[in-house]
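Participant: After the sequence you'll find the predicted model.
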Amino acid sequence: MKRVAIIGGGISGLSAAWELKKKKIPFILFEATDQCGGAIRTLHEAGCLIEAGPNSLSGPHPELDRLINELDLATEVCPADAHASNRFIVRDGQPIALPRSFAEFITTPLFSTPAKWRLLKEPFIRSQSAPGETLAAFTERRLGSEPLTYALNPFVSGIYAGDPDRLSAAAAFPTLIEMEREHGSLLRAMMHRSKKQRASGKPRSPRTIYTFKEGMQTLPNRLAEKIGSDAIKTHHPIEDIEALSSGEWKIADEVFSDLLLTLPTHAQSQLVTPFDLTFFDAIRYPAVTSLSLLYDRNQLTHPLNGFGMLIPACENRFILGVLFPSSIFPNRAPENKILLTVFIGGDRDPDRALLPRDQLLPHVEKDLQELLGLQGAPHHISTHRWVDAIPQYTAEIEPVHHQLTLLEATHLGLYFAGNYRDGISITNAILSGRNAAERIIENQSTGKESGATPTLDEENNL
Ligand SMILES: Cc1cc2nc3c(=O)[nH]c(=O)nc-3n(C[C@H](O)[C@H](O)[C@H](O)COP(=O)(O)OP(=O)(O)OC[C@H]3O[C@@H](n4cnc5c(N)ncnc54)[C@H](O)[C@@H]3O)c2cc1C
């Protein structure tokens, strides 16, 4: 009988399992730890709701909305406060609100007047992205150096914990390359998009940020509940995978027709497998530590009227940035208290994230004191160390993706999904898992022996 093994119970593995469950295809999901969710981890400490990993989802996204409805979670959705669209960037030691309109752009002190003129010239820059162009080179070429320093650099450290000098523009932000290719300019592409939207007559859905009333872990918990405990084996770290002469896979003494691997790549290269996965070592996951800190409201002078504050590398601060969870969502901290989540390390300085908490705290407090007017010690500290936090979409990731496509094409019933393949956001990971499940379902129903056939280009790249 056909049966699928899913290795890894993060959101990618759960999403794949849910698709199989809906199609009544038998499977077992193996998760190493005592619970599913992977990077998504919500904690309740000192009267606070703390996110150790991801803090929010962003929408609208039809596929995410569909999943939320299928899981009956619509009433659990908790939208961000209206002022969460406000984001602060530090320039010359001052948090400055990022402009959200043309009028704000004209008056903002975040960019100098020459930099604003340079930005407005973007539609007339005629160059095109060359293969292997870094995100920093792309941004500087199209928008100039100040937007790179004071917008892209801090945003990339907020999303990827990454460095724009190392990330590949095409791998990390393929939409930007597409916009340039199709319209010759980012501004022209945006104007085209809004013209098309107006012409469609449909109202524009505003961008939303949200979580769930009981935190982000609601999503993997509900998925695991709907999938059912009989199909999920927690406390089951998989160490080796055997390929049988029948074309099936032997995992934890059980036999499966199909195998879907959703582990972070550094965990996959530890597995004993009948195929070589050492090419995965090319993907780096720099360390990040998050500290969630609880204060009295009157310990800070800053109004915290936004999503958070990001810090460009050139400001030479210890921390990468701070989220303001108790300003974004309700019930994150007790009344008259505020919760801050500070991020340290990332590709800017991964070793810093590995320092003991006692060595981190004085630096963190100094930054918070100087940037947000903090006084005194926190009432509670929650520390979360992600030794391998987020895969970096550098130039090295593209050959890895080609290798994966070839492995899938040449090995019967072998599939890969996860945040190292289709993008790092939770939504990307959900789609990655769903896409792999759809390929399994399609191949099982047509009797096709393996995944996608590599294109000539892909074969040439191997
Ligand atoms: C600090 C941080 C903040 C983030 N913030 C956001 C955010 O705000 N919004 C957003 O959209 N995204 C955010 N992300 C990214 C997002 O959370 C992840 O990309 C996504 O959750 C990854 O899901 P995954 O299933 O691909 O991998 P993982 O979550 O890593 O899941 C892999 C699973 O495999 C299991 N496993 C490992 N080895 C084995 C083994 N040998 N056998 C069996 N199981 C094994 C692990 O225990 C884990 O459960 C953040 C990530 C981090 C680290």
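Facilitator: Alright, I've got the coordinates.
Participant: alpha carbons only for contacts and neighbour counts from here, please
Facilitator: Will do.
Participant: Residue 9 should be in a helix, yeah?
Facilitator: No: under DSSP: H, G, I helix; E, B strand; the rest coil, residue 9 falls outside any helix and is assigned coil.
Participant: and it, how many neighbours does it have?
Facilitator: Using other CA atoms under 10 Å, residue 9 has 27 neighbouring residues.
Participant: Looks like it contacts residue 28 (just checking).
Facilitator: No: Residue 9 is not in contact with residue 28 according to CA atoms under 8 Å; the separation is 10.5 Å.
Participant: Is residue 48 bridged to anything, and to what?
Facilitator: Taking DSSP bridges as the rule, residue 48 bridges to residue 45.
Participant: Same check on residue 259?
Facilitator: residue 5, residue 414.
Participant: ok, it - contacts?
Facilitator: Neighbouring residues of residue 259 by CA atoms under 8 Å, 6 or more residues apart in numbering: 4-7, 249, 413-415.
Participant: Also near the ligand: which of these, exactly?
Facilitator: The residues of the contacts of residue 259 that also fall near the ligand, by CA under 6 Å from any ligand atom, are residue 7.
Participant: Please identify, among the contacts of residue 259, the one with the most neighbours.
Facilitator: residue 6 (30 neighbours).
Participant: for it, what are its contacts?
Facilitator: Residues near residue 6 by CA under 8 Å, 6+ apart: 13, 17, 27-30, 259-262.
Participant: go on, residue 224?
Facilitator: Neighbours of residue 224 in contact, by CA under 8 Å, 6+ apart: 14, 36, 232.
Participant: where's the last one relative to residue 389, distance?
Facilitator: With distances taken as CA to CA, to the nearest Å, residue 232 is found 25 Å from residue 389.
Participant: and if you look at the second one?
Facilitator: Residue 36 sits 17 Å away from residue 389, going by CA to CA.
Participant: Tell me where this protein is predicted with low confidence.
Facilitator: 1, 448-462 (pLDDT under 70).
Participant: could you redo the last one with a cut-off of 90?
Facilitator: Residues of the chain that meet the criterion pLDDT under 90 lie in 1-2, 59-60, 126-128, 193-194, 196-207, 412, 445-462.
Participant: For it, what lies in contact range of the ligand?
Facilitator: So far as CA under 6 Å from any ligand atom goes, the chain lies against the ligand at 7-13, 30-33, 36-40, 53-57, 236-239, 263-264, 267, 389-390, 418-419, 424-427, 429.
Participant: Would you mind checking those residues for buried ones?
Facilitator: Buried subset of the residues of the chain next to the ligand (neighbour count, 16 or more other CA atoms under 10 Å): 7-13, 30-32, 36-40, 53-57, 236, 238, 263-264, 389-390, 418-419, 424-427, 429.
Participant: could you pull out the helices for the stretch 151-300 of the chain?
Facilitator: Assigned by DSSP state H, counting those that start in this stretch, the helices in the stretch 151-300 of the chain fall at 153-159, 169-172, 174-183, 186-200, 218-227, 265-268.
Participant: what would the ones you listed look like in JSON lines with distance to residue 89?
Facilitator: Shown next, in JSON lines, are the helices of the stretch 151-300 of the chain (distance: least, CA to CA, whole Å):
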{"stretch": "helix 153-159", "distance to residue 89": "7"}
{"stretch": "helix 169-172", "distance to residue 89": "22"}
{"stretch": "helix 174-183", "distance to residue 89": "22"}
{"stretch": "helix 186-200", "distance to residue 89": "22"}
{"stretch": "helix 218-227", "distance to residue 89": "30"}
{"stretch": "helix 265-268", "distance to residue 89": "33"}
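Participant: coming back round to it: among the contacts of residue 259, list the two that are farthest apart in space.
Facilitator: Among the contacts of residue 259, the pair separated by the greatest distance (CA to CA) is 7 and 413, at 13.7 Å.
Participant: can you pull the contacts of residue 354?
Facilitator: 287-289, 385, 387.
Participant: again, 10 Å this time
Facilitator: Each residue near residue 354 by CA atoms under 10 Å, 6 or more residues apart in numbering is listed here: 287-289, 344-345, 360, 385-387.
Participant: again, but for residue 367
Facilitator: Residue 367 sits next to 93, 317-319, 321, 361, 373-374 when contact means CA under 10 Å, 6+ apart.
Participant: domains in the chain, as residue ranges please.
Facilitator: The record's domain parsing of the chain by automatic domain parsing lists 4-40+216-283+394-461, 101-200.
Participant: Make CSV from these and add distance to residue 66 to it.
Facilitator: Shown next, in CSV, are the domains of the chain (distance: least, CA to CA, whole Å):
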stretch, distance to residue 66
domain 4-40+216-283+394-461, 11
domain 101-200, 22
